[in-house]
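Peer 1: sequence unknown, structure follows:
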Ligand SMILES: Nc1ncnc2c1ncn2[C@@H]1O[C@H](COP(=O)(O)OP(=O)(O)OP(=O)(O)O)[C@@H](O)[C@H]1O
Ligand SMILES: Nc1ncnc2c1ncn2[C@@H]1O[C@H](COP(=O)(O)OP(=O)(O)OP(=O)(O)O)[C@@H](O)[C@H]1O
Ligand SMILES: [Mg+2]
Ligand SMILES: [Mg+2]
């Protein structure tokens, strides 16, 4: 038994004869921030779906959270899916408190929290808007807020900031880092932005093209807190070029 | 009368009392590649929707294509919406030929073209898949292919590569540039990736936060074809910092 | 004679489907009585039990088969119809109880007091029931009348849901037999408990058709007269003929046999006459209908009928 | 205000047009009053006999209302159960189709035999007619609820009940209300058929049947008018409730900040 | 293969169970044969009279099929027109509700008077019953078709017809088929009512009506069985067509590369 919060053990997934995810193992220590990068269609979202209990992997593997198997179980992660999956019949405020609404009674505190963060991050005027009246980036922020206020110790974030402009993205990133640091949560983070992956995480997992598997597990020891000037740090640049190289060498993989 | 292909003249949009787009004018010369960057919710997609004829702007403005007004008309642009709007009941191949299917009889040539580009850009094994069995990045690529094979002289692309990894994104970018160069099309391109906007375009329009308006119209004279090393070109770096500055100064805007 | 020279007459029945009371018409068709009279008679069934008058007045049919109560209300409503001959000569409407249950003309009051009486809601029952109640010394509130136009009286009766059902003997009895219940049915004729002895069904036409087609109607009544006599004389053959004509009617031969046999006695009066109508029957009926508020005024009995087309002799 | 006026006026106009055509046919083809009445005579027949009709109308409305509610609830419950349990769906679906393929009259008689001549069998018959379109629409609706939204509920371990109230029920609002509107429209017809199969005392159906047997065509058509008005009213009521309960279908912004906690959140 | 077997077996089992319960009730409660027959007697009544019944059954099926097709087409056309033209919708909807709120019997009689006793009024009545659930579902479905997909069609200036065939029709497949399945189920019942009102002599409905007057309960219930089988068969047919026409609902990958151009693309 290890002390890893999440222990993915030889998980594979085949859809109708096509192997999408080759047997993949990974361990995530409690409190760490791990990014996953990899080419489109390599099985990143599939991996998240399996961890979250939405998909059942091919037999043989196992997923353990805090040591106990959660294969096919759910309720143990906060998961922001790749689609900004807002509930069309709920306003922004109600979408942010949706997780509470799905699991227990929504309290006044929940509401207050939702209103607070929505106001803090630029959606204060849109609390009563339905999702269809939001821009793409606004939808993504609402989905992100919903995931954060679920207060789960393990967060799976699938390209959470893909539709955000640089400035808003920075705000969200620093908010996420704050929450992560202050509440000791564990984060698994899919992104296509290599800078982002280095900027945020302790470890970066690089996946191969379909059938996906982890081809590199790169520790990132850049000191925290990291400011924007970290982008010019030699260690950063080296790490980035390693990752880029791994990603670009895919034809030969 | 000007020789601009697209002439947006004092377009504004108000939703239920809230002005989303301040009166905005812009001209796009035939054959040029113009990027638009701006904070989330500033009205970029709204502007595209108005140009494409999906939304009617507040009275007073006008949109002209090749000199004639197209206000509230449609059929004059190829438009890739921000959502990867695939048709759930069509396979990948049939989604790519969807525009033909919507306007005329689908020819064998259409089919062949669809199969060719899908195969060339990594979707050859998925020609008969329905969209629900695709990854986020694959969906986005299908939507992009559909827009390109519509063969419209004026293309509106709303964050077409947001869900793609670096390598795939590069492939798509160079494909787009090839098509643009070879067929003399005109491209209006929304992106949150400032690097991308500089890498691709002749001009970059920077928009202010809601209510959006164009705060800067920056020509980009970097020589083409641009290789990846352009990222370190001083002109590039200067342009990038100008844009970043404009975007970050939004609080004071 | 060949078909081309025959005069076409459409005959509208009183019920949406065929049953044994149609036997005389079938016999007249199949045994050639109509043809010999120069007629080609086509049978038409109405969409529901109250449309025969409308079939006649709209010209969709020329001769019809209807209850005398329907005649009463039709004339009252201004429909130009006229009865040209009784089908039955007396009133075989009766009250029925489940076999083995007490129902007797002598103590009808006790037998009906507080009981549930089934009615299809037909005008005839509505007209007759007040006579019976008055005879029994009962008020309407002292019995429970169940009206079920789409119900089935026999099932309700046998299942014990109602105590008394109302119908005519020729329809109710074969039903009982078909149900194979033990014991003989218990019935009390309406005429034994105060109901007037007037005919239930008549042949009718419109006034304008009667004026312009006197010969045709005479021929029709003459043929029907012969056919009725033949059918009464050869009940088994006649019923078989009916069954052959309407094999898909859903009725069994046994039902039709019994039904027709039970009909025969009601077709003639005490003078062994068919068809002949009287002022008395119509004024009694009209008075009864006025009594229950179905018609607004009692017209002269001659408004309703004519005997002019009856076969002579 | 103007919109409400229009949504009331236009249907009235269309009913007016029907009345006009009716009037023209009667006059133009010299239709005799005992065949079909003029529209105004039919209306008058209702007004003049209103004292007599009113309790009958009330009776029919009562059967319609109760029957509709039981049918709607049964329809939703059956639909939910069938969409959740494949085996139950396969077992029960043929029976449901059976229940509707059988002519109502054929069913009504045994039902009256079992339940007696009270109001109960009528409510049962109305419910019997109402539940089916609701069930079919709920089953088909639930099997096509957005899988991603269901996944959202699953991720957070939402109970079946909360998944149902928060995701599935609002997710099928359109087909559910389609089914309810169809059911609402049928409810009156069902009540009328049920009344024909047996009533002690009077009923609207029997009033009409009686008028028909007595060639009182104004009363016959007048009664039909009354039944129709009940039906349209009931349909409009359901359509109105749909408008009220699904604001996100028509609005971009919720009407106002809610102060009290809505019941759905409990 | 195994799946097909299951999808046939389970409904049969459920029908078997109903038969068993029916048998138990008859025997257990000593129900007399004139009230209700044993199931096997009902089946025998069908088998023994099959020669007589078969042409009647064929007649009913014919009315059902024609009526269903006309009704379905009318339902879709009306639904489309009403969803496109607000004014038409407001004008016509009350009339549609009216058409269904009026008891069919009340309508059937005048119809038969007008159209005569041919097969026509029966087809009209079946169509009359079938179109309504289709229309309601199509109208509600079309007002909720994915706006983004419609925008896609608009961007490229697709004609109304292509927008309809390519986007709207597949987009409403679920509610459309719900409506069709409801209609299919009602079609037999409608044909039976129509036969009762407008047959010259021989029809399945009359066969039953008279068997009922005869108290031949095995024949009555047997006929009901036959009607039900027609109804279930028709329902299954529509459900099967739905399966065939909407492969994307169940599959991740289209069955195979198409060689011939499908008709929908023309
Ligand atoms: N139907 C609507 N009703 C009300 N507000 C709307 C509606 N549609 C869009 N908006 C608002 O208009 C603003 C601009 O939206 P738009 O989608 O154009 O932004 P954008 O610049 O594309 O942002 P992003 O980068 O996030 O996609 C947003 O604030 C949005 O909430
Ligand atoms: N239901 C399914 N049936 C068949 N194939 C599927 C299904 N779901 C996913 N796939 C395939 O699995 C592969 C991996 O998909 P996944 O969504 O995990 O990719 P991803 O790494 O998240 O890609 P992206 O970066 O584009 O989001 C893809 O090739 C996809 O087509
Ligand atoms: Mg993904
Ligand atoms: Mg946008």
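Peer 2: Structure's in. What do you need? Keep in mind that what you see is a predicted model, and the values were worked out from it rather than measured. Numbers count the residues shown, from 1 in each chain, chains lettered A, B, ... in the order given. Ligands and ions are numbered 1, 2, ... in the order given.
Peer 1: quick one: the closest residue to residue D:151 other than its chain neighbours from residue C:307, how far?
Peer 2: Setting aside the residues directly before and after it, residue D:151 is nearest to residue A:54 in space (C-beta to C-beta, 6 or more residues apart in numbering or on different chains), at 5.1 Å. No exception for glycine: its C-beta is placed from N, CA and C like everyone else's. Separation of residue A:54 from residue C:307 (C-beta to C-beta, to the nearest Å): 90 Å.
Peer 1: higher neighbour count, these two?
Peer 2: It is residue A:54, of residue A:54 and residue C:307, that has more neighbours when counted by other C-beta atoms under 10 Å in any protein chain shown, with 21 against 14.
Peer 1: Torsion angles phi and psi at the more buried one?
Peer 2: Dihedral pair for residue A:54: phi -80, psi -30, per degrees, to the nearest 10.
Peer 1: who's in contact with it?
Peer 2: Contact analysis of residue A:54 by C-beta atoms under 8 Å, 6 or more residues apart in numbering or on different chains lists A:74, D:151, D:154-155.
Peer 1: so what's it scoring on pLDDT?
Peer 2: Among the per-residue scores, residue A:54 holds a pLDDT of 92.
Peer 1: repeat for residue C:191
Peer 2: 89.
Peer 1: and it, how many residues sit next to it?
Peer 2: Neighbour count of residue C:191, defined by other C-beta under 10 Å: 19.
Peer 1: same thing with residue D:246?
Peer 2: 17.
Peer 1: what's it sitting at in phi/psi?
Peer 2: phi -120, psi 60.
Peer 1: how about it, what does it touch?
Peer 2: By C-beta under 8 Å, 6+ apart, the residues touching residue D:246 are A:89, D:170, D:173-174, D:177.
Peer 1: Find the residue ranges of the chain scoring beneath the pLDDT cut-off.
Peer 2: Unless you meant another one, I'm taking chain A. A:1-3, A:250-253 (pLDDT under 70).
Peer 1: Sorry, I should have been clearer: chain C.
Peer 2: For chain C, applying pLDDT under 70 flags the ranges C:1-4, C:248-250, C:313.
Peer 1: from it, which residue is nearest to chain B?
Peer 2: Nearest to chain B in chain C, going by C-beta to the nearest C-beta, is residue C:47, at a distance of 45.5 Å.
Peer 1: Distance of that residue relative to residue E:186?
Peer 2: Computed as C-beta to C-beta, the residue C:47 to residue E:186 distance reads 20 Å.
Peer 1: and the gap between the nearest residue to residue C:198 once chain neighbours are set aside and residue C:197?
Peer 2: Excluding the flanking residues, the one nearest residue C:198 by C-beta to C-beta, 6+ apart is residue C:281, at 4.4 Å. According to C-beta to C-beta, residue C:281 stands 9 Å off from residue C:197.
Peer 1: In contact with residue D:202, which residues?
Peer 2: Contacts of residue D:202 (C-beta under 8 Å, 6+ apart): C:147, D:55-56.
Peer 1: So the strand or helix carrying residue A:140, near chain B or not?
Peer 2: Assigned by DSSP states H and E, residue A:140 belongs to helix A:136-148. Yes: counting by C-beta under 8 Å from any C-beta of the partner chain, chain B has neighbours in helix A:136-148: A:136-138, A:141.
Peer 1: okay, those residues in JSON lines with distance to residue C:259 and neighbour count next?
Peer 2: What follows is the residues of helix A:136-148 next to chain B, written out as JSON lines (distance: C-beta to C-beta, whole Å; neighbours: other C-beta atoms under 10 Å in any protein chain shown):
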{"residue": "A:136", "distance to residue C:259": "80", "neighbour count": "23"}
{"residue": "A:137", "distance to residue C:259": "84", "neighbour count": "28"}
{"residue": "A:138", "distance to residue C:259": "81", "neighbour count": "24"}
{"residue": "A:141", "distance to residue C:259": "83", "neighbour count": "30"}
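Peer 1: ok, those vs chain B, which is closest?
Peer 2: Nearest member of the residues of helix A:136-148 next to chain B to chain B, counting by C-beta to the nearest C-beta, is residue A:137, at 2.9 Å.
Peer 1: Is it correct that the closest one is in contact with residue B:38?
Peer 2: No: between residue A:137 and residue B:38 there is no contact, the gap being 10.2 Å when judged by C-beta atoms under 8 Å.
Peer 1: overlap in contacts of these two?
Peer 2: Taking C-beta under 8 Å, 6+ apart as the criterion, residue A:137 and residue B:38 both touch residue A:165.
Peer 1: Got phi/psi on residue A:218?
Peer 2: Torsion angles, degrees, to the nearest 10, at residue A:218: phi -100, psi 120.
Peer 1: Which residue comes closest to it once chain neighbours are left out?
Peer 2: Nearest residue to residue A:218, sequence neighbours excluded (C-beta to C-beta, 6+ apart): residue A:204, at 4.7 Å.
Peer 1: Cool, thanks, talk later.
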